[in-house]
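**Student:** give me coordinates for this.
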Amino acid sequence: MNIMKKLILAILIVSVMTPGAWGEPTPTSAGIPRSTKRADGSAHQNNDTLVWLTAYNRWVAQAGLSPTDINYLTGITSGVQTQLNTNNSLITTGLNPGHLHTSSAVATGTDTLTATYTPSITLSDGMRVILVAAGANTGAVTFAPNGLTAHAVVKGTGAALVAGDIPGAGYRCDLEYNLATTQWFLLNPGTSNLVLNPAPANLGYNGTIVTNTAGENLIIGNICYEGPDGNWWKAIGNLPSVWVANHAYAVGTLIKPTANQNYFYFCSTAGTSAAVTEPTWGTTIGGTTADGTGALVWTCIDTNSIAGRLMATTTINSGAAGVFLRFGFIRYDSWTGTLTTVTGQPLYIDNTTAGAFTQIRPATSGNLVQLMGRGAKQAKTIMFDPIINIKQVSP
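**Tutor:** Got it, this is the predicted structure:
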C-alpha cells in the first residue's frame, strides 16, 4: 500500500469518523484501534459493528483501495477483516450488507419463473429481489434467477401460491430467499388485496371473516359483541337492566349497578343475587365480583365493550364455532319486516330484539345508537361495516 493511498484513507477517516456515538477514537499514526465501548461509556450494540464496517467499506472504495489495504489498521481482528472483505464484495457486486439486490429484473414465464439480474445473484439467506411479473400466475410457482436451481415460491405461512397471488403483468413481486427451507417467500401476494362482491347469492357473503365461538344460539344476521369469556353474544341497542335482588341470573346476562353506572357487569357464573344488599362492585376491567352466597359471579366490562362487532353468517349453536362476518356483504332472502333493507340507508342495532338490526334509528331515552352498515343496492343484502362507537339517546 503506497504512501499516497494511506494519506487519502487517513484524510477520509479523519474528516468523517470523528469520536461520536459509536465511540471510535481519533486516528493516529499508529492506526485506528477498535474501542470496546461507545463514546458515552455504554456497551456497543449489535448493529454498531455493521454500521462501522459499512462506513469503512465506503471510505476504502472512495480511496480507490482494495479490502486488504486496510490490514494495517491496528485492532482489526481476522473476523472483522473477513466481514470487511465480505461487505466490500457485496457492495462491488451490487448488493448491500443486508442482501437487498439493487436492481429489478423482468420475469419470463408465469408459473415457472426465470429472470436475469445484473450483476448476477449468489443465493444467501435473507436475500431480497424485485421481480417484475410477465403475467398472472395460475397456480404453484417456482423461481430460478440467473440460471440457478428453481425453488418454490410460497407465502409467508409457507403455503404454495394460488391463482392470482401474482395478479398480472408488471406486478412487482418482493421476494425473499430462505436458505433453511430453500424457498422464495413472496412478501406481497396480490390475493391479500380484498375484492368484494356486492351481490352475493342468497345465504351468501363475502368480505373479511373470522371463526369464533357463539355464547348463545345465533342465526344468520345476528349482530354480536365479544363477552369477557371470549365468546360472542347478541348485542342490543339498550342499556343493560339494573341489578335486582334475589333474582336468578344466567350466564351472559348484562346488568348495571343501581349507583355507579360507569361500568357494566357480565354474568360469568350463573346463580341467584343477594336477597337484599347489592354487592360492592369491583371496577377493574376483567375483575370479578361475587354476589349472593358467592355462587353468582359478575365480570366487570367497559361500557363500550357491548358494541356489535361481528355478524353471524349462518346458524351457530351455543358453544359451537362458526363463521362471522367482520366486514363485507351478506344476503338473506327471508329477511322481512324491520329486517327489510332500503338501499343506501343506515342500519342500527335493534333496541328491542337482541342481535337484530333495524333501519329505524333508536330515539327513545336510554336507547343505544350504533351504526352497523347500510342497505346494499341488491335486495335483501346489507353492507356490514360496524362503527365501534356507541351513543346514548339523551333523556
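**Student:** is the residue lying closest to T253 once chain neighbours are set aside in a helix, a strand, or coil?
**Tutor:** Spatial nearest neighbour of T253, chain neighbours left out: C267 (4.2 Å); criterion: CB to CB, 6 or more residues apart in numbering. Any C-beta I mention is one placed from the backbone N, CA and C, and that applies to glycine too. Taken by DSSP: H, G, I helix; E, B strand; the rest coil, the conformation at C267 corresponds to strand.
**Student:** got a list of what C267 touches?
**Tutor:** Contacts of C267 were listed using CB atoms under 8 Å, 6 or more residues apart in numbering, and they are 249-255, 296-299.
**Student:** dump those into TSV; add secondary structure, neighbour count and distance to L368 as well.
**Tutor:** Output for these, formatted as TSV (DSSP: H, G, I helix; E, B strand; the rest coil; neighbours: other CB atoms under 10 Å; distance: CB to CB, whole Å):
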residue	secondary structure	neighbour count	distance to L368
Y249	strand	22	21
A250	coil	9	21
V251	coil	18	22
G252	coil	17	18
T253	coil	17	17
L254	strand	22	12
I255	strand	21	15
L296	strand	21	25
V297	strand	19	25
W298	strand	29	20
T299	strand	19	20
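**Student:** from those residues, pick the one nearest G139.
**Tutor:** Taking CB to CB as the measure, G139 lies nearest G252 of the contacts of C267, at 46.0 Å.
**Student:** do you know how far the closest one is from R374?
**Tutor:** For G252, the distance to R374 (CB to CB, to the nearest Å) stands at 29 Å.
**Student:** check contacts around D291.
**Tutor:** Contact analysis of D291 by CB under 8 Å, 6+ apart lists 271, 273-274, 279, 297-298.
**Student:** hmm, try it at 6 Å
**Tutor:** Counting by CB atoms under 6 Å, 6 or more residues apart in numbering, D291 touches 273-274, 279.
**Student:** adding distance to G286 as columns, could you present those residues in a markdown table?
**Tutor:** Supplementary listing: the contacts of D291 in a markdown table, determined by distance: CB to CB, whole Å:
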| residue | distance to G286 |
| --- | --- |
| S273 | 21 |
| A274 | 22 |
| P279 | 17 |
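**Student:** out of the residues you listed, which is most surrounded?
**Tutor:** Within these, S273 tops the neighbour count with 22 neighbours, counted by other CB atoms under 10 Å.
**Student:** you'd agree that residue is up against A290?
**Tutor:** No: taking contacts as CB atoms under 6 Å, S273 lies outside contact range of A290: 10.7 Å.
**Student:** which sections of this structure are below the confidence cut-off?
**Tutor:** Residues of the chain meeting the criterion pLDDT under 70: 1-103, 157, 191-196, 337-340, 395.
**Student:** distance check, the nearest residue to D350 once chain neighbours are set aside against A379.
**Tutor:** Computed as CB to CB, 6+ apart, the closest residue to D350 that is not its neighbour in sequence is A356, at 3.9 Å. Distance of A356 to A379, computed by CB to CB: 19 Å.
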